[in-house]
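Okay, sequence plus prediction incoming.
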Amino acid sequence: MRKYLVEFIGTFFLVLTIVVTVAGGAGAMAPVAIGSMLMVMVYAGGHISGGHFNPAVTLGVCIRGACPWSDAPGYMIAQVVGGILAAITGEYLVGHIAGAAGFPEVPGTFNMAAGTIAEFLGTFALVYVVLQTATTKSTSGNSYYGLAIGFTVMACAYGLGGVSGGAFNPAVAGGVIAAGLSGMGNIAGFLIGQLLAGAAAAFVFKYVYSGDD
């Protein structure tokens, strides 16, 4: 249960940061805040739960063999619930930010092909970095894994966010849709790209990593 609570807390603050910065007018600085929040939550919770905060990461880590499949449902439920509750909280808070533009009208769907590809690429990069920096004996005990993970999300948000919104996380996708920052019609593109990427990153990792762990 402690692992699931840590996953809930980390995902909650990640999605809360996304909602409040994007809707609250942080503009071009939003990816910096989002990547930073993910980084600190990974450092805070990584030693307890692994610091996934993302069902696609959980999928990849389970395929890689670094997390038991029996933990996957609890992890994913905690992550999705944390994302939805963060969206509700963020929507309430943005309404009380002086000068905030408020929540926009729900956008239409992004281009499905381009959006799905963008979500696949960003999620692949994220899961691949998590597996290489946080699940191997050869990098065990390093002090940079949180930075690597946070900066991956920040870089992909800047590079790919204009195409799909830059969720790279099914829990984030659910949160931004619940908050009205993305249209419900985008859910298929989000989930297909993200979950395929999580699995693909795990298989690529297993092919390229030569360690015996």
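Perfect, thanks for sending it. Numbering: from 1, shown residues only.

next one: the helix or strand hosting G162 to chain centre, how far?
G162 is part of helix 145-164 when elements are defined by DSSP states H and E. Using Cα atoms, centre = their mean, to the nearest Å, we find the averaged C-alpha position of helix 145-164 to lie 10 Å away from the chain's own average C-alpha position.

Could you list every helix and strand in contact with it?
helix 30-49, helix 112-134, helix 187-208 (3 or more Cβ pairs under 8 Å, 6 or more residues apart in numbering; DSSP states H and E). Where C-beta positions appear, they are placed from N, C-alpha and C, glycine not excepted.

Please repeat the previous calculation with a cut-off of 7 Å.
Counting contacts by 3 or more Cβ pairs under 7 Å, 6 or more residues apart in numbering; DSSP states H and E, helix 145-164 packs against helix 30-49, helix 112-134.

Now render those as JSON lines, adding distance to I149, mean neighbour count and mean pLDDT.
As requested, the helices and strands packed on helix 145-164 are exported to JSON lines (distance: least, Cβ to Cβ, whole Å; neighbours: other Cβ atoms under 10 Å; pLDDT from 0 to 100):
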{"stretch": "helix 30-49", "distance to I149": "5", "mean neighbour count": "19", "mean pLDDT": "97"}
{"stretch": "helix 112-134", "distance to I149": "6", "mean neighbour count": "22", "mean pLDDT": "97"}
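
Nearest to S164, out of the ones you listed?
With respect to S164, and counting by Cβ to Cβ, the nearest of the helices and strands packed on helix 145-164 is helix 112-134 at 4.0 Å.

and the closest one with helix 30-49, angle?
If you take axes from the mean of the first three to the mean of the last three Cα atoms, to 10 degrees, helix 112-134 sits at 50 degrees to helix 30-49.
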